[in-house]
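**Q** Turn this into a structure:
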Amino acid sequence: MAVLFTHVSGSHKGRVDRFSEAVERIRVGRAADCEVRLSPADTVVSSHHAVVNLTPRGYVIQDLASRNGTLVNGQAVERAPVSGGDLVQLGFGGPQVRFDVVDEPSRARAEADFSILSSVLEAGDVIAKYMAAYLNEFGLTASKFNTLQVLHEEPKRSVTQNDLSTKLTVTGASITGVLDRLERDRLVARESHPTDRRANLVRLTEEGEQLVQNAADLHAVRTQELISCLTDDEKRTLVELLGKLVEAARKKSSEPGQPRHSIGV
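**A** Residues are numbered from 1 along each chain as shown. Sure, this is the predicted structure:
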């Protein structure tokens, strides 16, 4: 069994402090003798802020008369039990640390779960390379193709740049880079919005219209060739399972401190 302290925010964000089950006392603070040591830059944290003790009934956290208090899952505490997944905040507005206890069965489950995730990621990577090979025949990357497809699906073949970014679920900076390259290739044109001076319209050109239609036709053929390895029942099951996984990932990525992703160009 292992005890983990994952730094969710603060100067050491992303760091994980790991302790064996034999450790019965874990001090948290900025002092050099603390087992979970916070950065001196996190001044809201006291030198000896809190301590987590192993008791016969489980782990308990106790505030050590800190200047700014200790919170567990948003509630200020002087002494409280902690269990896996609890979020400890060191002072109001201070850095957050997630407390976890990992036993051997949990570790085995985690390894099995990771193998599932690895398979999904590998599938995505291999399929992306498969797509890249035939899209390259049109001088397109996946991000360029997706952008052209969104424009092609618009009734007027045009949309504001902000709306395009939203539809593609990417940042404004990354869509700007894609549009720069598409505009250079004369596949799209950017124009001033007729009624909103703060917005730009992105329009699919005739060249872009012809290219995306040809690319979409080949994409449909190649997709059908690839997915033909699955039965209809397998397709429905795969869509359902991946949908659940995507929804869970979206919820996690919408939590505070998680950035929106960028796309390749």
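**Q** And for Gly14, the neighbour number?
**A** For Gly14, the neighbour count with other CB atoms under 10 Å is 9. Just so you know, the C-beta spots here come from the backbone N, C-alpha and C atoms, and that holds for glycine as well.
**Q** Show me the strands in this structure, by range?
**A** 2-7, 16-20, 25-29, 36-37, 50-55, 58-63, 70-72, 75-77, 79-81, 86-90, 96-102, 158-160, 188-192, 200-204 (DSSP state E).
**Q** Lowest mean pLDDT across those strands, which one is that?
**A** Sorting the strands of the chain by mean pLDDT places strand 158-160 lowest, at a mean of 88.
**Q** Show me what that one is packed against.
**A** helix 142-153, strand 200-204 (3 or more CB pairs under 8 Å, 6 or more residues apart in numbering; DSSP states H and E).
**Q** closest to Thr223 out of these?
**A** helix 142-153 (12.3 Å; CB to CB).
**Q** rewinding a little: now the strands of the chain as a markdown table including mean neighbour count and distance to Thr141?
**A** Converted to a markdown table, those look like this (neighbours: other CB atoms under 10 Å; distance: least, CB to CB, whole Å):
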| stretch | mean neighbour count | distance to Thr141 |
| --- | --- | --- |
| strand 2-7 | 18 | 35 |
| strand 16-20 | 13 | 35 |
| strand 25-29 | 19 | 46 |
| strand 36-37 | 20 | 44 |
| strand 50-55 | 18 | 49 |
| strand 58-63 | 17 | 49 |
| strand 70-72 | 22 | 46 |
| strand 75-77 | 13 | 48 |
| strand 79-81 | 14 | 51 |
| strand 86-90 | 22 | 39 |
| strand 96-102 | 19 | 37 |
| strand 158-160 | 18 | 20 |
| strand 188-192 | 15 | 14 |
| strand 200-204 | 20 | 17 |
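**Q** wait, which of these is closest to Val150?
**A** Using CB to CB, the strands of the chain put strand 158-160 closest to Val150, at 7.3 Å.
**Q** List of residues touching that closest one?
**A** Val150, Leu151, Lys167, Glu191, His193, Asp196, Ala199, Asn200, Leu201, Val202, Arg203, Leu204 (CB atoms under 8 Å, 6 or more residues apart in numbering).
**Q** Pick the one among the residues you listed closest to Ala76.
**A** Distances from Ala76 to the contacts of strand 158-160, taken by CB to CB, are shortest for Lys167, at 42.8 Å.
**Q** With adjacent residues omitted, what lies nearest to that closest one?
**A** Counting by CB to CB, 6 or more residues apart in numbering, the nearest residue to Lys167 once its immediate chain neighbours are dropped is Val150, at 5.2 Å.
**Q** Ok, Leu151 next?
**A** Per CB to CB, 6+ apart, closest to Leu151 is Leu204, 4.1 Å.
**Q** Do I have it right that that neighbour meets Glu191?
**A** No - using CB atoms under 8 Å, Leu204 is not in contact with Glu191; the gap is 11.7 Å.
**Q** so how far is Leu226 from Val77?
**A** Taking CB to CB, to the nearest Å as the measure, Val77 falls 54 Å from Leu226.
**Q** List the contacts of the residue nearest to Glu154 when sequence neighbours are not counted.
**A** Once flanking residues are discounted, Glu154 sits nearest to Leu204: 7.8 Å by CB to CB, 6+ apart. For Leu204, the contacting residues are Leu148, Leu151, His152, Glu154, Arg157, Ser158, Leu187, Val188, Val212, by CB under 8 Å, 6+ apart.
**Q** swap the cut-off to 7 Å and go again
**A** Leu148, Leu151, His152, Arg157, Ser158, Val188 (CB atoms under 7 Å, 6 or more residues apart in numbering).
**Q** Gln210 is in contact with the third one, correct?
**A** When you say that, I think you mean His152. No - using CB atoms under 7 Å, His152 makes no contact with Gln210, being 10.5 Å away.
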